[in-house]
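Enquirer: one predicted model, sequence on top.
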Amino acid sequence: MRNPLADKIVDIKPSGIRKFFDIVSEMKDAISLGVGEPDFDTPWRIRDEGIYSLEKGRTFYTSNAGLKELRTEITRYIKRTQGVSYDPIKEVLVTVGGSEAIDLALRAMINPGEEVLIPQPSYVSYEPCAILADAKPVIIELKEENEFRLTAQELRDAITDKTKVLILPFPNNPTGAIMEKADLEAIAEVILEKDIFVISDEIYSELSYKEKHVSIVSLPGMQERTVLINGFSKAYAMTGWRLGYACAPALIMEQMTKIHQFAIMCAPTTSQYAAIEALRNGDDDVAAMRESYNQRRRYLMHAFKEMGLKCFEPYGAFYVFPCIKEFGMTSEEFAERLLMEEKVAVVPGTAFGDCGEGFLRISYAYSLENLKLAMGKIGAFITRLREEQK
């Protein structure tokens, strides 16, 4: 019988995060710090709006691009947070999570063999989605000494005559790194000079702890060459609602909508009505969750300092990325031993790219109580490792 499988699919490695989730699911007493999902319930006002939409019988398809009312609220949100205007009809698309938007943007923009620049460590979907779009992924290895920010020189060095798109994943999963306005201005100068495009994944934009998040679309000349991706999962604790969105020039958005039309039809109707309420009245809920995350972030940085574990201070998302190179083992070996010996699950840095070797991703989307318990166990494990090295 002929091989029924597509070679490019077979060659893509499964998510490096999945292995540890599967092990933890069989360990009822394990503490997991591996999931990148808010531990808060979706705020009540947003849940109520979703329930109300069902009670009103709003159970039908929306337009392919999403409810006009929601797209209008998205443009208002971007205008008040970034000072940038979008046409809600021609330049906004509501998607099934931010992940679908990433896939749509790449497929709409890439011709076979064109290069997509992917800074790593970063979210696990970028490289596979680039491959599925028949692009050539080109990895830019971000450095700890730069706080895992992308520098203009790193970008310039990576660009060739085949480069089409830069993925800009900040605030960053897994490192928690951010890009400040000055960083983005230097990047934008190179993008304009080299005539390339940007897919800016800003799903963690509301979870910035140093200063207000700045989007690259707010810089001169960048809106017309950027696909801005965001969503409701992280800021509004709406992961299970599966709702994201993309904003882009009409030329690109027309093609993204076409793919979405054939593959998906439309995003979930109930989720769209709930999202309208989130954008209109959810700012206080976001602020409360952000403050709680920030408290946990500060606690973890203090705990690492107490145990002598090196970790640069991240100012975005809800992750820390401590360095474990001193122990002379791979990230996966460290994570496996920690899980088996202390029953604490973290994610090896290599799940987010080879340059994540020597680091761990620890999520603080967990209660302070659980974090304190886990840090005690990690501290004991580290003490034991140091004793073994003597």
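Expert: Cool, the structure landed.
Enquirer: make it CA atoms for all contacts and neighbour counts henceforth
Expert: Fine.
Enquirer: pretty sure residue 214 contacts residue 181?
Expert: Yes - counting by Cα atoms under 8 Å, residue 214 touches residue 181, with 6.1 Å between them.
Enquirer: of the two, give the one with the bigger neighbour count.
Expert: The neighbour comparison of residue 214 against residue 181 (other Cα atoms under 10 Å) goes to residue 214, with 20 against 16.
Enquirer: quick one: the helices in the chain?
Expert: In the chain, the segments counted as helices under DSSP state H are 7-10, 18-25, 44-55, 68-82, 97-109, 126-132, 152-158, 181-194, 250-263, 269-281, 283-307, 331-342, 368-389.
Enquirer: how about those helices, which one is nearest residue 175?
Expert: helix 283-307 (12.4 Å; Cα to Cα).
Enquirer: shouldn't residue 126 be in contact with residue 119?
Expert: No - shown here, residue 126 and residue 119 do not form a contact pair, counting by Cα under 8 Å, at 9.5 Å.
Enquirer: how about CSV for the helices of the chain, with distance to residue 313 and mean pLDDT added?
Expert: As requested, these are exported to CSV (distance: least, Cα to Cα, whole Å; pLDDT from 0 to 100):
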stretch, distance to residue 313, mean pLDDT
helix 7-10, 37, 90
helix 18-25, 25, 69
helix 44-55, 32, 98
helix 68-82, 25, 98
helix 97-109, 26, 98
helix 126-132, 25, 97
helix 152-158, 21, 98
helix 181-194, 17, 98
helix 250-263, 37, 97
helix 269-281, 30, 98
helix 283-307, 7, 98
helix 331-342, 19, 95
helix 368-389, 17, 95
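Enquirer: in a markdown table, list the ones you listed along with distance to residue 356.
Expert: Output for those, formatted as a markdown table (distance: least, Cα to Cα, whole Å):
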| stretch | distance to residue 356 |
| --- | --- |
| helix 7-10 | 23 |
| helix 18-25 | 16 |
| helix 44-55 | 37 |
| helix 68-82 | 31 |
| helix 97-109 | 21 |
| helix 126-132 | 15 |
| helix 152-158 | 17 |
| helix 181-194 | 22 |
| helix 250-263 | 32 |
| helix 269-281 | 34 |
| helix 283-307 | 19 |
| helix 331-342 | 8 |
| helix 368-389 | 19 |
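Enquirer: which among those helices is found nearest to residue 144?
Expert: Closest among these, using Cα to Cα: helix 152-158, at 13.5 Å.
Enquirer: give the intersection of the neighbour lists for residue 126 and residue 119.
Expert: Common contacts of residue 126 and residue 119 (Cα atoms under 8 Å, 6 or more residues apart in numbering): residue 167.
Enquirer: let me know which of the helices of the chain is the nearest to residue 230.
Expert: When the helices of the chain are ranked by distance to residue 230, counting by Cα to Cα, first place goes to helix 97-109 at 5.9 Å.
Enquirer: and the angle from the closest one to helix 250-263?
Expert: Here the directions of helix 97-109 and helix 250-263 differ by 110 degrees (axes from the mean of the first three to the mean of the last three Cα atoms, to 10 degrees).
Enquirer: please export the C-alpha coordinates of helix 97-109 as CSV.
Expert: The C-alpha coordinates for helix 97-109 follow below in CSV (Å, rounded to 0.1, in the frame of the first residue of the first chain):
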residue,chain,number,x,y,z
GLY,A,97,-7.4,31.5,18.9
GLY,A,98,-4.3,33.4,18.1
SER,A,99,-2.7,30.2,16.8
GLU,A,100,-5.1,30.1,13.8
ALA,A,101,-4.1,33.7,13.0
ILE,A,102,-0.4,32.8,12.9
ASP,A,103,-1.1,30.0,10.5
LEU,A,104,-3.4,32.1,8.3
ALA,A,105,-0.9,35.0,8.1
LEU,A,106,2.0,32.7,7.0
ARG,A,107,-0.1,30.9,4.4
ALA,A,108,-1.4,34.1,3.0
MET,A,109,2.0,35.8,2.7
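Enquirer: tell me which other helices or strands it touches.
Expert: With contacts taken as 3 or more Cα pairs under 8 Å, 6 or more residues apart in numbering; DSSP states H and E, helix 97-109 sits against helix 126-132, strand 197-201, strand 226-231, strand 244-247, helix 250-263.
Enquirer: residue 341 is nearest to which of the ones you listed?
Expert: Checking these against residue 341 by Cα to Cα gives helix 126-132 as the closest, at 32.9 Å.
Enquirer: hmm, who's touching that closest one?
Expert: Here helix 126-132 makes contact (Cα under 8 Å, 6+ apart) with 8-9, 12, 102-103, 106, 116, 118, 136-137, 167.
Enquirer: which of these has the most neighbours?
Expert: When neighbours are taken as other Cα under 10 Å, the top entry among these is residue 116 (28 neighbours).
Enquirer: tell me how far that one lies from residue 192.
Expert: Using Cα to Cα, to the nearest Å, we find residue 116 at a distance of 16 Å from residue 192.
Enquirer: cool, and residue 10?
Expert: 37 Å.
Enquirer: those two: which has the busier surroundings?
Expert: It is residue 192, of residue 10 and residue 192, that has more neighbours when counted by other Cα under 10 Å, with 14 against 9.
Enquirer: tell me the contacts of that one?
Expert: Applying Cα under 8 Å, 6+ apart, the residues near residue 192 are 221-222.
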